[in-house]
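J.: please work out how this folds:
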Amino acid sequence: MGARIDQDDEQLKLGGGYDHNYVLTKSASDLSFAARVHEPTSGRMMEVWSTEPGLQLFSGNSLQGKVPRDVGKGGAVYTFRSGLCLEPQHFPDSPNKPSFPSTVLNPGERYNGKTIYRFAVGK
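T.: Alright, predicted model coming up:
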């Protein structure tokens, strides 16, 4: 990801990095594997499993190190591209795209989704 983030690509330039929604190949409501991130130096690994149809990848393009806006856990201040988000969700603009999975929730209905983040360390 880091090796390609500054490539001459229109979508990367428009978002200042990654801010993309990926369609997950899966059964409609089954909990399924969505993504794995591995950091080779430390051996840290994170997997994402979800019932959601899409996964938003965001590379911290709008982080600026501004206090209090960009302050996180333990007082850490996050600067440009110092974070990574993998956010299971429905597709952007779903209400306006009949071919996308519906995001309509009528009065009295319940929505149940599930996301699991699994963490491990090992090289």
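J.: could you say which helix or strand holds Lys13?
T.: Per DSSP states H and E, Lys13 falls inside helix 10-15.
J.: tell me which residues in that helix are buried?
T.: Applying a neighbour-count criterion of 16 or more other CB atoms under 10 Å, one finds Leu12 buried in helix 10-15. (Glycine included, C-beta is placed from N, CA and C.)
J.: and the contacts of that helix?
T.: Residues outside helix 10-15 that contact it (CB atoms under 8 Å, 6 or more residues apart in numbering) are 4-6, 18, 20, 61.
J.: repeat that for stretch 91-101.
T.: Applying CB under 8 Å, 6+ apart, the contact partners of stretch 91-101 are 21, 23, 28, 53-54, 90, 102-104.
J.: span of that stretch from start to end?
T.: 8 Å (CA to CA, to the nearest Å).
J.: how about it: buried residues?
T.: Per 16+ other CB under 10 Å, stretch 91-101 contains these buried residues: 91, 94, 100.
J.: picking that back up, and the contacts of stretch 91-101, which are buried?
T.: 21, 53-54, 90.
J.: for those, which one is nearest Ala35?
T.: Distance to Ala35 across the buried ones among the contacts of stretch 91-101 (CB to CB) is lowest for Gly54, with 11.2 Å.
J.: which residues touch that closest one?
T.: Here Gly54 is in contact with 21-24, 88-91 (CB under 8 Å, 6+ apart).
J.: got JSON lines for the contacts of helix 10-15, with secondary structure, pLDDT and distance to His38 too?
T.: Converted to JSON lines, the contacts of helix 10-15 look like this (DSSP: H, G, I helix; E, B strand; the rest coil; pLDDT from 0 to 100; distance: CB to CB, whole Å):
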{"residue": "Arg4", "secondary structure": "coil", "pLDDT": "92", "distance to His38": "16"}
{"residue": "Ile5", "secondary structure": "coil", "pLDDT": "93", "distance to His38": "17"}
{"residue": "Asp6", "secondary structure": "coil", "pLDDT": "92", "distance to His38": "21"}
{"residue": "Tyr18", "secondary structure": "coil", "pLDDT": "94", "distance to His38": "16"}
{"residue": "His20", "secondary structure": "strand", "pLDDT": "94", "distance to His38": "19"}
{"residue": "Asn61", "secondary structure": "coil", "pLDDT": "94", "distance to His38": "21"}
